[in-house]
Each structure stands twice: as structure tokens, then as C-alpha cells.
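1. Make a model of this:
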Amino acid sequence: MREKVVVGMSGGVDSSVAAYLLKEQGYDVIGVTMQIWQDEEAAVQAENGGCCGLSAVEDARQVAQVLQIPHYVMNFKKEFQEKVIDYFTEAYLKGCTPNPCIACNRYVKWESLLQRSMEIGADYIATGHYARIIKLPNGRYAVGNAETAAKDQTYALYGLTQYQLAHTLMPVGDHTKEEIRKIAEREGLPVAHKPDSQEICFIPDNDYAAFIDREAAGRVPGKGKYVTKEGVVLGEHLGITHYTVGQRKGLNLAMGHPVFVTEIRPESDEVVIGEAEDVFGDTLLCSELNFMGMEDLTGQKEVLAKIRYAHPGERCVIEKAGEDRIKCSFHRPVRAITPGQAVVFYEKGYVLGGGTIIRTGDARK
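-> Numbering: from 1, shown residues only. This is a model prediction of the structure:
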């Protein structure tokens, strides 16, 4: 009897080819599109076209017809609102910069989809992520780097559990993006040349502050003060939800030279402004830990750490700093360590684990 796999089909080329590859490997493939968008208007649907757009349903359905596999739509609006949108909004209100894709992967694309897939008799779920599932000599599962570093998506997957990894397939991770598009074109998939979505899917206009104003009406902090780290007032800002650490553009400060956001203080509604060198730090503290390639951290360990999706990584030493806390000490200062973002630890091309950044430090202090 063939093993059954539910493929999360977003309507994009990667998940479409994932479904094709798994069918070719002999799996009993079922396509599922997760309806997680919150009641789009027709014009927004057409413009968005990303993994959350209702327009994605039609693209996925057409691909399923070409592949001759069943296709269903599952409603995950409630889970998406609670685990992604509410989390995103609350983080910004606290002066943090969240990563909604990580929350969506952990709690919606895996936890909710996997549960429903198991209920209909599936053995696995699969996605079009550029990563690999590997089983290590210690018996643990981890996500390993994809074939192409430019598209590697392991950073956004560090939060997956051992159970989820054991029931996940990621066939795209063994291919480059160019190969995936060529396969789609060869097999006549209608999304072969569909562009990749770039922005956060539920904010297609990229105006985070306006979105938060709508979601948290009446709770959004208003204007506050720009200050130096010494407390000198430099001017007035629009509100802390408009800013993130490392930001240079859009500050509207006439300083005569480029300045940067170095800290956000939600308790006083202050945005701290500094020079380019002030954006660098050499330590961070993270919490909400998830261990993947190792069961736990004991003692000190040297690893490669990434502090944002596009960060190439920097060598550092990690050690426990209390319950659910890890201190990370970089060999060289890194730019814009941002509370709310994830720090992900790697060894030999796979993820050891990671956590959410809660504080940063600077060796010069």
C-alpha cells in the first residue's frame, strides 16, 4: 500500500513541483491549499497572489488537475489569526520586530495541517521549502541546508518539533530554483513562471504600521521622542510601531549625516538614535528555545548563528543563561541584532536549534 502524503499547495511553483516529485516517487499525493487569508477584496486577491491569497486556490487547483491528484481547501483562518496575526501585532506593540513566517510554519503549516492530515490517514505532509529533512547519528531529526544557498529556508523552520519533522517531506531541497522552474515548464504546470512572493503575505502593501493600527485599534502608542542613548531629545517620531532596529530611512531627522535606530523602548515610547557603529553588538540573549539537532545545550558550544533570514551567519559561543535562556557571544560584532527576530544555530549544515532574541549587548559598554 502506497504511503499517503498531503502536500501544502500554495499555488506557487515550489509547492507545485513538490507535489509532482512526490507523485513520481510513488507516493499517494493529496493537494491541500490552506485558506488562511482574512476575507480579501477581489482587487487585493489579484494583486497579492502569494501563499495567503485566495487567488492561490485557483492556481493550486489547476496544478492538481494537470498532475491528476485530488485537491482540497482547508480553512485555517482561526489558527492564522491567533498564531500569526495576533502574535505579529502584539510583538510590534512591545517594541519588537517579529518574524510571522516562523510562527506560521510552526503553528499553522505544520501543527494544524499535520493534525488534520493525520486525521484523514496521511503518513506525511510535504511543502515546497528549500530545505532537507535529515536524521542524525544521535537519532534526532533536523532541517539541513538546501542545495542552493541563495534559496535556503532553514532559518524559518527552526521551530519544528521532532514529531513534525518525522512526518515531513521536503523534496524541493535537493534542487536549485532554476531546476524547479524547468521541471514545472517541462511538465506543463501553469505556475512555471509565476513570480515568488516577496513581502509578508497578509500585508501586501508593506505598510506594517497601518496594518497594526487596524488590528490593534485604540491600543497603538502614538507619537514619542527620538533620543540619544544618553537621553538627549532629538525630535518627535510617529510611534514605535513604525520602526525597527537598524533602520535608517524614513526617520525624518535633520542630523546632517546618516543615523540609525539602535533601540526601541516601549515603556517610554522612545526610539533611540545612534551612529552606524552603534548598531553593532556582540552578545544576545534568547528565549522560547527549540532544540532540533541536539536534545539540549550543556556547557559551552561553538556554532554558526544567523540573526535574520538573509544573514550569512557568524561564529559564536552559546551557553545556557538560566531556564529557557541562551546567551550567544559572537566572535565579531554583528549588525542590527533585533529583539523579536529569531537566532538560529547551525552545525555542519543543519539546524541545532534556536530561539527568539530578547536582548542584545555591546562589548564597548
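
2. Nearest residue to Ala18 in space, please, no chain neighbours.
-> Gly128 (4.3 Å; C-beta to C-beta, 6 or more residues apart in numbering). Every residue, glycine included, has its C-beta placed from N, CA and C.

3. what about the one you found, how many neighbours?
-> 24 (other C-beta atoms under 10 Å).

4. same deal with Glu236?
-> For Glu236, the count of nearby residues is 12 (other C-beta under 10 Å).

5. Likewise for the one 4 residues further on?
-> Ile240 sits with 26 neighbouring residues when counted by other C-beta under 10 Å.

6. Give me the pLDDT value at it.
-> We have a pLDDT of 95 for Ile240.

7. Pretty sure Pro221 is one of the things it touches, is it not?
-> Yes. In terms of C-beta atoms under 8 Å, Ile240 counts as a neighbour of Pro221; the distance is 5.6 Å.

8. For these two, list the residues in contact with both.
-> Here Ile240 and Pro221 share the contacting residues Pro266, Asp269, scored by C-beta atoms under 8 Å, 6 or more residues apart in numbering.

9. residue ranges of the strands in the stretch 251-365 of the chain, please?
-> Remark: strands assigned in the stretch 251-365 of the chain by DSSP state E, counting those that start in this stretch are 260-265, 270-274, 280-291, 301-306, 314-320, 326-335, 342-347, 350-361.

10. The stretch 1-150 of the chain now?
-> Under the criterion DSSP E, counting those that start in this stretch, the stretch 1-150 of the chain contains strands at 4-8, 28-35, 71-75, 124-126, 132-135, 141-144.

11. mind giving me JSON lines with those strands and columns for mean pLDDT, distance to Arg116 and mean neighbour count?
-> As requested, the strands of the stretch 1-150 of the chain are arranged in JSON lines below (pLDDT from 0 to 100; distance: least, C-beta to C-beta, whole Å; neighbours: other C-beta atoms under 10 Å):
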{"stretch": "strand 4-8", "mean pLDDT": "96", "distance to Arg116": "8", "mean neighbour count": "25"}
{"stretch": "strand 28-35", "mean pLDDT": "94", "distance to Arg116": "8", "mean neighbour count": "22"}
{"stretch": "strand 71-75", "mean pLDDT": "92", "distance to Arg116": "6", "mean neighbour count": "15"}
{"stretch": "strand 124-126", "mean pLDDT": "97", "distance to Arg116": "9", "mean neighbour count": "23"}
{"stretch": "strand 132-135", "mean pLDDT": "96", "distance to Arg116": "20", "mean neighbour count": "18"}
{"stretch": "strand 141-144", "mean pLDDT": "96", "distance to Arg116": "21", "mean neighbour count": "24"}
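
12. could these go into JSON lines alongside distance to Asp174?
-> Below are the strands of the stretch 1-150 of the chain laid out as JSON lines (distance: least, C-beta to C-beta, whole Å):
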{"stretch": "strand 4-8", "distance to Asp174": "16"}
{"stretch": "strand 28-35", "distance to Asp174": "17"}
{"stretch": "strand 71-75", "distance to Asp174": "24"}
{"stretch": "strand 124-126", "distance to Asp174": "13"}
{"stretch": "strand 132-135", "distance to Asp174": "7"}
{"stretch": "strand 141-144", "distance to Asp174": "10"}
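
13. Figure out which of the ones you listed is closest to Cys96.
-> Proximity to Cys96 (C-beta to C-beta) singles out strand 141-144 among the strands of the stretch 1-150 of the chain, at 24.3 Å.

14. For that closest one, name the packing helices and strands.
-> strand 132-135, helix 162-166, strand 350-361 (3 or more C-beta pairs under 8 Å, 6 or more residues apart in numbering; DSSP states H and E).

15. Most tightly packed of these?
-> Highest mean neighbour count among the helices and strands packed on strand 141-144 (mean count of other C-beta atoms under 10 Å): strand 350-361, with a mean of 21.

16. Need the contact partners of that one.
-> Here strand 350-361 makes contact (C-beta under 8 Å, 6+ apart) with 134, 136, 142-145, 154, 157-159, 281-294, 297, 303, 307, 326, 337-346.

17. Provide a ChimeraX selection command restricted to the buried entries of these.
-> Buried residues among those (16 or more other C-beta atoms under 10 Å), as a ChimeraX selection:
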select :134,136,142,143,144,145,154,157,158,159,281,282,283,284,285,286,289,290,291,292,293,294,297,303,307,326,337,338,339,340,341,342,343,344,345,346
